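J.: the following block contains a protein sequence and its predicted model.
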Amino acid sequence: MRKKLLACAPSSAAIVALALLLATTALGQPKTSVSRTQCKQWDDAFLTIFNWAMAGALIGACVFSLLSGFLGKFLWVFTTPRFRLVVVTLVCLLAMVFGVALGPWTLGLGGGLFSGVDPRYFDCASMQFGAEGLFAGQLGVGVPAIAQTPAMIIALSAAALIGGLTAWLISSATLRFLGVPAKVRGERL
Amino acid sequence: MTYKIISVGGTGQIVLHYYLQLYLLGVVKEEFDAVIIDSDDILPSIQAVRSFLAGLQYGGQTNESLGRAKIPTVEALRVRPTGGDTALEVLTGRKDWKRTETHPVYAFFNDDSLRQELKQGLFARPALSSVLTQEIFQSDSLRSSPNSTVIIVGAVTGGTGGGLTAPMLDAVRTFTERERIENVKVRAVLFGEYFRPQEGLIKDAVPRFQSNQTMVLRSFGEAEAAEGLHSYSIVGGPGVSADYERKTETEKEGKNIPWPNDEGNPFWQGVLALEHLLRDTAAEKVTKFEGREAQNFSTYFTLRGAELRLRKALSMVRMINKKGALLRLCNDPWSRWIWGEGMVEIAAHYWSIAASRESGKEGVADFPRELQRAFETLWRGEDKKLGLQDVFPNITQTERMRPGKMSSVRWPQVSEGKWARELFDDKRKAAQRAAATLLFWTLREVA
């Protein structure tokens, strides 16, 4: 397990590096005629998606990790409680990072999840339009969300990890009530 | 109805070796008691199964396991030479006997026969078996119970089988009549010529085997002992081409002995005959000896079907070992869903027993690890002791077994008041018996 986690480390570093590169690329986009109002509107839409993604990463990692035991009946790897928690948490983390934080580059703007964000939002990256910043202005006030990709990756990863950790705590607690140990009766037998 | 199998000699042991495997795989359904009578060592594979079955003991009654009122027993009656290593030493009481001296034993046996080492068998000299011991014929193991079927399995061509099969039949009949035990059917699976003797091992092997066969079959047909024989089956025999090649060294090693390649294999035929004669309740006894031979067997199982069971059971047990599944079972809140209620109940029950023997749950927190370790030891063996994986043949083709298959096993119900305290000294013993129970039911029931 430890080896597997260590093996993930380079890929995590690669994601951050990629994010920085993409953010730089976004900042360097040729400017076209985009109004501040439009930028504000698209930034807010993108922030809304990010906020939902945060909740999704947290709750999804927790709930899916707990429910993944269902797959234990069909797949041997899912009969290991800790392993399946780690796997599901990582899947949630990667889904949110690639689907939301890196979504503008991996999925593209203007359609699907990002239908409310125009492709020209990239042009807003270096503009000053009174961006709200992440977490209702707690992080990077005035900086457009699209220019805060590294922070978004870290935030989404943290949310997924907290979700996974919560699942592990719940799983450990329920083992005492639902698992084999719950049936062990000790000296009273 | 109870069943007793008396396996005589090396051939009897090999048939029992396969029959025990079929029982462990759930192909053979009924419980039975087995008695081995041989001048040679008991096959290591049979010893391993006997030890495994003993580990299933759960209740205070003899051979009472969890969910089974009676599990098979395997008892060995070794026909040992007493007072010497050769027949000459046994009969004369002296080691330094010179050929030039005279003794009544030379009226019955020649010098070659008398000077044979008896540790590893009787080398196709049936007459020697009768001079070795008479004690086995008085053994309680030969006593049958009311409403039972007793089957004697052995080759009439060899030394031990040829010499002891007829006296054994007579001994069973004597017990039954003397003690007025009712409704006992005595049957026999007799192996005639069925294999090509290894060259150089026994001098003039073919004519000697044929002579032994003639002697025993004729005595069966004529002797009073045969009166008690309800029915019988002959594998091989006069006029049948005996081209099967026995690998006696592999058999004696008793490790991963391959299964027969085809249904015509003499040992497989012996197993089928054994199952048929055990389960056949319809056949009436015929007065004429020749008419008692069972020829049309009911097919209770096939070789292909048994092989599929073997692959499935072994594949599942391998996965349980490889994945440390019992450890996972004990540490998973989803265990009931994945492994099923029955398996959880059994693990928890034995864990509870361990806790009650170790003054509480705190002292047995490592029970899951003990359980997994015990399961692996039972399967793989330890030191020179064979594990159950050595009993079964090596399989090259495995079946894909999902964990959920375990939940379809018909696990036995735990019965809290029935466990015998003296069998569970500590948590280790509890883990060993739990592992044996889980392995037993997995092998028999997983499909």
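T.: Cool, the structure landed.
J.: mind checking how far B:Lys418 is from B:Leu53?
T.: The spacing between B:Lys418 and B:Leu53, counted by Cβ to Cβ, to the nearest Å, is 18 Å. C-beta here means a position set from N, CA and C on the backbone, and glycine is covered the same way.
J.: oh, that last question was meant for B:Glu290, not what I typed.
T.: Going from B:Glu290 to B:Leu53 by Cβ to Cβ gives 38 Å.
J.: sorry, back to before: B:Lys418 and B:Leu53: which is more packed in?
T.: Shown here are B:Lys418 and B:Leu53; by other Cβ atoms under 10 Å in any protein chain shown, B:Leu53 has more neighbours (20 against 12).
J.: which element, helix or strand, includes that one?
T.: Assigned by DSSP states H and E, B:Leu53 belongs to helix B:44-54.
J.: got the buried residues for the very next helix or strand once past that helix?
T.: Downstream of helix B:44-54, the next assigned helix or strand under DSSP H and E is strand B:73-78. By neighbour count with 16 or more other Cβ atoms under 10 Å in any protein chain shown, strand B:73-78 contains the buried residues B:73-77.
J.: how about the helix ranked longest in chain A: buried residues?
T.: Using DSSP state H to define each element, chain A has its longest helix at helix A:36-67. Of the residues in helix A:36-67, A:38-43, A:45-47, A:49-50, A:53-54, A:56-58, A:60-66 count as buried by neighbour count, 16+ other Cβ under 10 Å.
J.: domain-wise, how is chain B divided?
T.: Annotated domains of chain B cover B:2-81+B:118-301, B:306-445 [automatic domain parsing].
J.: among those, which is nearest chain A?
T.: Counting by Cβ to the nearest Cβ, chain A lies closest to domain B:306-445 out of the domains of chain B; the figure is 3.1 Å.
J.: the closest one close to chain A?
T.: Yes. Using Cβ under 8 Å from any Cβ of the partner chain, domain B:306-445 reaches chain A at B:319, B:323, B:325, B:328-338, B:344-345, B:347-349, B:351-353, B:355-356, B:359-361, B:364, B:368, B:402-404, B:407, B:416.
J.: quick one: the strands in the stretch 301-447 of chain B?
T.: For the stretch 301-447 of chain B, the strands defined by DSSP state E, counting those that start in this stretch occupy B:381-382, B:385-386.
J.: most neighbours per residue, which of these?
T.: Comparing the strands of the stretch 301-447 of chain B by mean neighbour count (mean count of other Cβ atoms under 10 Å in any protein chain shown), strand B:385-386 ranks first with a mean of 18.
J.: for that strand, packing partners?
T.: Counting contacts by 3 or more Cβ pairs under 8 Å, 6 or more residues apart in numbering or on different chains; DSSP states H and E, strand B:385-386 packs against helix B:44-54.
J.: touching the helix it packs on from outside, list them.
T.: B:13, B:16-17, B:20-21, B:24, B:36, B:63, B:71-74, B:253-255, B:257, B:378, B:381, B:385-388, B:390-391, B:436, B:439-440 (Cβ atoms under 8 Å, 6 or more residues apart in numbering or on different chains).
J.: and the angle from it to strand B:73-78?
T.: 140 degrees (axes from the mean of the first three to the mean of the last three Cα atoms, to 10 degrees).
J.: helix B:44-54: how far from the chain's middle?
T.: 9 Å (Cα atoms, centre = their mean, to the nearest Å).
J.: so which bits of it are buried?
T.: Quick answer for helix B:44-54 (16+ other Cβ under 10 Å): B:44-53.
J.: could you do stretch B:426-442 as well?
T.: B:427-442.
J.: any regions of the stretch 151-300 of chain B where pLDDT drops low?
T.: B:200-202, B:223-226 (pLDDT under 70).
J.: likewise chain A?
T.: Along chain A, the parts satisfying pLDDT under 70 run over A:1-32, A:186-189.
J.: mind listing the helices for it?
T.: Per DSSP H, chain A carries helices over the ranges A:2-27, A:36-67, A:81-96, A:103-106, A:134-137, A:149-178.
J.: just say which of those helices is most tucked in.
T.: Comparing the helices of chain A by mean neighbour count (mean count of other Cβ under 10 Å), helix A:81-96 ranks first with a mean of 21.
J.: packing partners of that helix?
T.: The contact analysis (3+ Cβ pairs under 8 Å, 6+ apart) places helix A:81-96 against helix A:2-27, helix A:36-67, helix A:149-178.
J.: change it to 7 Å
T.: Counting contacts by 3 or more Cβ pairs under 7 Å, 6 or more residues apart in numbering or on different chains; DSSP states H and E, helix A:81-96 is packed against helix A:36-67, helix A:149-178.
J.: other residues contacting it?
T.: With contact meaning Cβ atoms under 7 Å, 6 or more residues apart in numbering or on different chains, helix A:81-96 is reached by A:1, A:8, A:53, A:56-57, A:60-61, A:64-65, A:68-69, A:77-78, A:156-157, A:160-161, A:163-164, A:167-168, A:171, B:331-332.
J.: which residues touch B:Arg26?
T.: Quick fix: residue B:26 reads Gly, not Arg. By Cβ under 7 Å, 6+ apart, the contact set of B:Gly26 is B:309, B:444-445.
J.: doesn't B:Lys429 make contact with B:Ala374?
T.: No. Using Cβ atoms under 7 Å, B:Ala374 makes no contact with B:Lys429, being 9.4 Å away.
J.: now do the SS call for the residue of chain B most remote from its centre.
T.: Going by Cα atoms, centre = their mean, the residue of chain B most distant from its centre is B:Thr100, 44.8 Å out. With DSSP: H, G, I helix; E, B strand; the rest coil as the basis, B:Thr100 sits in coil.
J.: let me know the pLDDT of it.
T.: With respect to pLDDT, B:Thr100 has a value of 78.
J.: try the one 4 residues further on
T.: Looking at B:Pro104, its pLDDT stands at 85.
J.: neighbours around it, how many?
T.: Neighbour count of B:Pro104, defined by other Cβ under 10 Å: 8.
J.: ok, the one 3 residues further on next?
T.: Applying other Cβ under 10 Å, we find 7 residues neighbouring B:Ala107.
J.: try B:Thr86
T.: 19.
J.: residues contacting it?
T.: Counting by Cβ under 7 Å, 6+ apart, B:Thr86 touches B:114-118.
J.: against chain A, how distant is the closest residue to B:Trp97 other than its chain neighbours?
T.: Spatial nearest neighbour of B:Trp97, excluding adjacent residues (Cβ to Cβ, 6 or more residues apart in numbering or on different chains): B:Leu88 at 5.6 Å. Distance, B:Leu88 to chain A, by Cβ to the nearest Cβ, to the nearest Å: 61 Å.
J.: could you list the low-pLDDT ranges of the stretch 1-150 of chain B?
T.: The stretch 1-150 of chain B contains residues with pLDDT under 70 at B:81, B:119-121, B:123, B:130-133.
J.: run through the strands of it in chain order.
T.: Applying DSSP E, counting those that start in this stretch to the stretch 1-150 of chain B gives strands spanning B:2-8, B:33-38, B:73-78, B:148-155.
J.: give me the neighbour count for the residue lying closest to B:Lys429 once chain neighbours are set aside.
T.: Leaving out its chain neighbours, the residue that sits closest to B:Lys429 by Cβ to Cβ, 6+ apart is B:Leu423, at 7.0 Å. By the criterion of other Cβ under 10 Å, B:Leu423 has 16 neighbours.
J.: please apply the same query to B:Leu314.
T.: B:Leu314: 23 surrounding residues under other Cβ under 10 Å.
J.: do the same with the one 3 residues further on
T.: Close neighbours of B:Val317, defined as other Cβ under 10 Å, add up to 23.
J.: my guess is it meets B:Thr442, correct?
T.: Yes. Assessed by Cβ under 7 Å, B:Val317 is found in contact with B:Thr442 at 6.0 Å.
J.: about what we covered before: closest one to B:Thr302 out of the buried residues of strand B:73-78, please.
T.: The nearest member of the buried residues of strand B:73-78 to B:Thr302, counting by Cβ to Cβ, is B:Val74 at 25.4 Å.
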